[in-house]
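Asker: Sequence below, structure please.
(one chain, ligands or ions: 1)
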Amino acid sequence: MFEALGDKLGNVFDGLTGRGALSESDVNKAMREIRIALLEADVALPVVKQFVEKVRKEAVGEKVIKSIKPGQMVVKIVNDALIDMLGGTLSDDDADKAEAAKANALNLAGRPPVAILMAGLQGSGKTTTTGKLGLYLRTALKKKVLFASLDTNRPAAMDQLGMLAEQAGTGFLPIVKGETALQIAKRAMSEGAKGGYDVVFLDTAGRTTVNDELMDEVEAIAKATNPIETLLVADSLTGQDAVETANRFNARLPLTGLVLTRIDGDGRGGAALSMRAVTGLPIKFLGTGEKLDGLEAFDAERLAGRILGQGDIVSLVEKASQVINEKDAALAAEKMRKGQFDLDDLAKQLGQMQKMGGMGGLMKLMPGMGKMKKQLDAAGGVDDKLLKQQQAIILSMTPHERQNPGVLKASRKKRIAAGSGMSVQEVNKLLKMHRQMSDMMKKMSKGGMAGMMQAMQG
Ligand code: GDP
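Answerer: Sure, this is the predicted structure:
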């Protein structure tokens with residue numbers, strides 16, 4: 001469903017040429033597609049509404065970068081809005097990035113042992129996540145970790161945590177039959193202190209549905225142990241239900257963050273967006289598999305990419321907007337219309353291509369590039385080393401030669417070849433490529449790097 005979003009937006013904007021700004025009616029059409037896509041991905045309706053409004057405001061009047069299709073431009077705006085709503089930052093400021101990362105990371109600052117309370121429905125992945133986090137804290141952060149199972153109803157759940165403790169290399173609080181969950185939690189904290197542990201995980205009992213008895217129990221445990229983190233573990237595949245669950249837990253417990261499991265499954269992360277938006281809680285980790293290494297620190301950019309399935313387009317727009325100087329592009333277009341695309345212009349274009357990761361990189365990003373690549377290959381190839389060599393050849397020419405390639409006869413070519421450390425044959429290849437490119441460009445109605453890219457994508 002999400003894979004198709006880019007195509008659908010492409011259709012919406014097909015009538016637009018990539019000039020000027022996004023109009024309100026075009027944006028509205030695009031928003032309908034986005035709305036449907038989000039609803040299909042199980043994002044809660046109020047969240048969809050909020051999101052679409054935000055994107056609409058940002059997109060209307062947005063100037064379309066000439067080299068990019070309007071549909072791609074909107075994908076980028078949607079992507080940025082997603083990152084923002086998932087609790088990430090769009091700022092390039094390192095301090096801002098560090099702050100956002102900190103908000104999404106585990107807080108362990110406190111007198112040891114600090115308690116981490118794990119809450120959630122049965123089957124959400126609570127116990128597995130406890131194992132994963134324990135392994136992560138022990139190995140990556142060198143913490144001494146103790147696991148305690150508070151699931152007095154299910155001896156199997158206790159055994160499961162004991163096995164995970166063994167796998168993760170963490171301590172496990174011995175089971176004492178007949179204790180209540182609250183008694184176990186208190187014992188865990190005192191044993192944790194005695195044993196010199198840094199972190200005690202309290203894995204609470206899950207139930208199949210949220211009920212008062214469960215909530216009373218977990219609430220009492222939270223009060224008694226004062227956890228530094230109270231994490232709600234939720235199955236990302238349960239969509240709308242996960243949001244309802246999050247709300248009910250959030251109403252009773254001082255939750256500090258979310259862990260979304262089964263991100264490796266079929267869901268595309270719609271639940272994550274809803275849960276974050278509805279609860280305002282940071283998503284701290286994602287569960288990406290059944291094994292203990294199936295844990296990812298939450299990264300808003302990565303999840304936005306996963307939800308949208310449009311990572312390539314997003315990075316293309318980013319690169320293009322960084323590199324392309326609109327004025328230069330317009331100037332080059334004007335010259336080309338007059339048949340004046342000279343070697344200075346070619347050098348500029350080659351420089352831009354290089355900044356964008358070479359033609360190889362660009363071609364990977366753009367659909368429908370195969371034919372163009374063959375043409376360019378025939379004219380001398382397009383790899384990055386070649387881009388540099390071609391620029392060197394042009395730099396060895398005098399300004400007069402660059403503006404008037406027609407004057408380049410044998411003796412001048414020899415001088416240029418010597419100056420750039422290339423052969424005359426290679427100088428000829430470059431000149432041939434320039435002729436072919438300027439012919440091709442003359443045929444295009446829109447010019448410059450911008451027009452070329454549009455023609456290539458078309
Ligand atoms: P609990 O009842 O909340 O403690 O849930 P469990 O930890 O026992 O997990 C229930 C099932 O989900 C187990 O079979 C786990 O292996 C599986 N599971 C947990 N997290 C993930 C995950 O991130 N991805 C996948 N694919 N399976 C998971």
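
Asker: ranges for the strands of the stretch 1-150 of the chain?
Answerer: 114-119, 145-149 (DSSP state E, counting those that start in this stretch).

Asker: Off-centre distance for the shortest one?
Answerer: Chain-centre distance of strand 145-149: 33 Å, with C-alpha atoms, centre = their mean, to the nearest Å.

Asker: do the longest one as well
Answerer: Between the mean C-alpha point of strand 114-119 and the mean C-alpha point of its chain there is a distance of 29 Å (C-alpha atoms, centre = their mean).

Asker: Let me know the angle separating that strand from strand 145-149.
Answerer: 40 degrees (axes from the mean of the first three to the mean of the last three C-alpha atoms, to 10 degrees).

Asker: Give me the sheet partners of strand 114-119 and which way each runs.
Answerer: With DSSP bridges as the test, strand 114-119 is paired with strand 199-203 (parallel), strand 229-235 (parallel).

Asker: Please see if the shortest one touches the ligand.
Answerer: No - Strand 199-203 stays out of contact with the ligand when judged by C-beta under 6 Å from any ligand atom, the minimum separation being 7.0 Å. Quick note: C-beta positions are derived from backbone N, CA and C, even for glycine.

Asker: Give me every residue in contact with that strand, excluding its own residues.
Answerer: Residues outside strand 199-203 that contact it (C-beta atoms under 8 Å, 6 or more residues apart in numbering): 108, 112-118, 126-127, 130, 133-134, 137, 143-151, 157, 161, 185, 188-189, 192, 221, 225, 227.

Asker: just the buried members of these?
Answerer: Buried members of those, scored by 16 or more other C-beta atoms under 10 Å, are 113-118, 126-127, 130, 133-134, 137, 143-151, 157, 161, 185, 188-189, 192, 221, 225, 227.

Asker: which among those are in contact with the ligand?
Answerer: Applying C-beta under 6 Å from any ligand atom to the buried ones among the contacts of strand 199-203, one finds that 126-127 fall near the ligand.

Asker: where does the stretch 251-400 of the chain dip in pLDDT?
Answerer: By pLDDT under 70, the weakly predicted segments of the stretch 251-400 of the chain are 266-269, 306, 308-333, 335-339, 352-384.

Asker: What of the stretch 101-250 of the chain?
Answerer: 103.

Asker: Close to the ligand: what parts of it are there?
Answerer: By C-beta under 6 Å from any ligand atom, the residues of the stretch 101-250 of the chain that approach the ligand are 120, 122-128, 206.

Asker: Whichever of those residues end up buried, select them in ChimeraX.
Answerer: Burial among those is assessed by 16+ other C-beta under 10 Å; the matching ChimeraX selection reads:
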select :120,122,124,125,126,127,128,206
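
Asker: Using the record, which stretches count as separate domains in this protein?
Answerer: Domain assignment of the chain by automatic domain parsing yields the ranges 5-98, 105-298, 324-457.

Asker: ok, and the closest non-adjacent residue to the closest residue to the ligand within the chain?
Answerer: Proximity of the chain to the ligand (C-beta to the nearest ligand atom) peaks at residue 287, 2.5 Å away. Once flanking residues are discounted, residue 287 sits nearest to residue 261: 3.3 Å by C-beta to C-beta, 6 or more residues apart in numbering.

Asker: Quick check: beta-bridge partners of the one you found?
Answerer: residue 235.

Asker: Run a quick neighbour tally on it.
Answerer: For residue 261, the count of nearby residues is 28 (other C-beta atoms under 10 Å).

Asker: pretty sure it contacts residue 121?
Answerer: No - Residue 261 lies out of contact with residue 121 (C-beta atoms under 8 Å); the separation is 11.0 Å.

Asker: Overlap in contacts, these two.
Answerer: Contacts common to residue 261 and residue 121, judged by C-beta under 8 Å, 6+ apart, are 234-235.

Asker: Which other helices and strands does the helix or strand harbouring residue 385 contact?
Answerer: Using DSSP states H and E, residue 385 maps to helix 384-395. Applying 3 or more C-beta pairs under 8 Å, 6 or more residues apart in numbering; DSSP states H and E, one finds that helix 384-395 contacts helix 343-355, helix 358-365, helix 410-420, helix 424-443.

Asker: and if we set it to 10 Å?
Answerer: helix 343-355, helix 358-365, helix 399-403, helix 410-420, helix 424-443 (3 or more C-beta pairs under 10 Å, 6 or more residues apart in numbering; DSSP states H and E).

Asker: List the buried residues for the last one?
Answerer: Residues of helix 424-443 classed as buried under the neighbour-count rule (16+ other C-beta under 10 Å) are 426-427, 429-431, 433-434, 437-438, 440-441.

Asker: export those to JSON lines and tack on distance to residue 279 and pLDDT?
Answerer: Output for the buried residues of helix 424-443, formatted as JSON lines (distance: C-beta to C-beta, whole Å; pLDDT from 0 to 100):
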{"residue": "426", "distance to residue 279": "62", "pLDDT": "91"}
{"residue": "427", "distance to residue 279": "65", "pLDDT": "92"}
{"residue": "429", "distance to residue 279": "61", "pLDDT": "89"}
{"residue": "430", "distance to residue 279": "60", "pLDDT": "89"}
{"residue": "431", "distance to residue 279": "64", "pLDDT": "90"}
{"residue": "433", "distance to residue 279": "57", "pLDDT": "82"}
{"residue": "434", "distance to residue 279": "59", "pLDDT": "84"}
{"residue": "437", "distance to residue 279": "55", "pLDDT": "73"}
{"residue": "438", "distance to residue 279": "58", "pLDDT": "74"}
{"residue": "440", "distance to residue 279": "55", "pLDDT": "68"}
{"residue": "441", "distance to residue 279": "54", "pLDDT": "64"}
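
Asker: Identify the residues contacting residue 261.
Answerer: Residue 261 is in contact with 120, 123-126, 128-129, 132, 233-238, 285-290, 294-295, counting by C-beta atoms under 10 Å, 6 or more residues apart in numbering.

Asker: if you set the cut-off to 6 Å instead, what comes out?
Answerer: 125, 235, 287 (C-beta atoms under 6 Å, 6 or more residues apart in numbering).

Asker: picking that back up, the helix holding residue 385 to helix 424-443, inter-axis angle?
Answerer: Computed by the same axes, to 10 degrees, the angle between helix 384-395 and helix 424-443 is 90 degrees.

Asker: mind checking how far helix 384-395 is from the chain centre?
Answerer: Distance, centroid of helix 384-395 to centroid of chain: 34 Å (C-alpha atoms, centre = their mean).

Asker: Report the buried residues of that helix.
Answerer: Buried, per 16+ other C-beta under 10 Å, within helix 384-395: 386-387, 389-394.

Asker: Mind putting these into a markdown table with distance to the ligand?
Answerer: What follows is these, written out as a markdown table (distance: C-beta to the nearest ligand atom, whole Å):
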| residue | distance to the ligand |
| --- | --- |
| 386 | 45 |
| 387 | 44 |
| 389 | 49 |
| 390 | 49 |
| 391 | 49 |
| 392 | 52 |
| 393 | 54 |
| 394 | 54 |
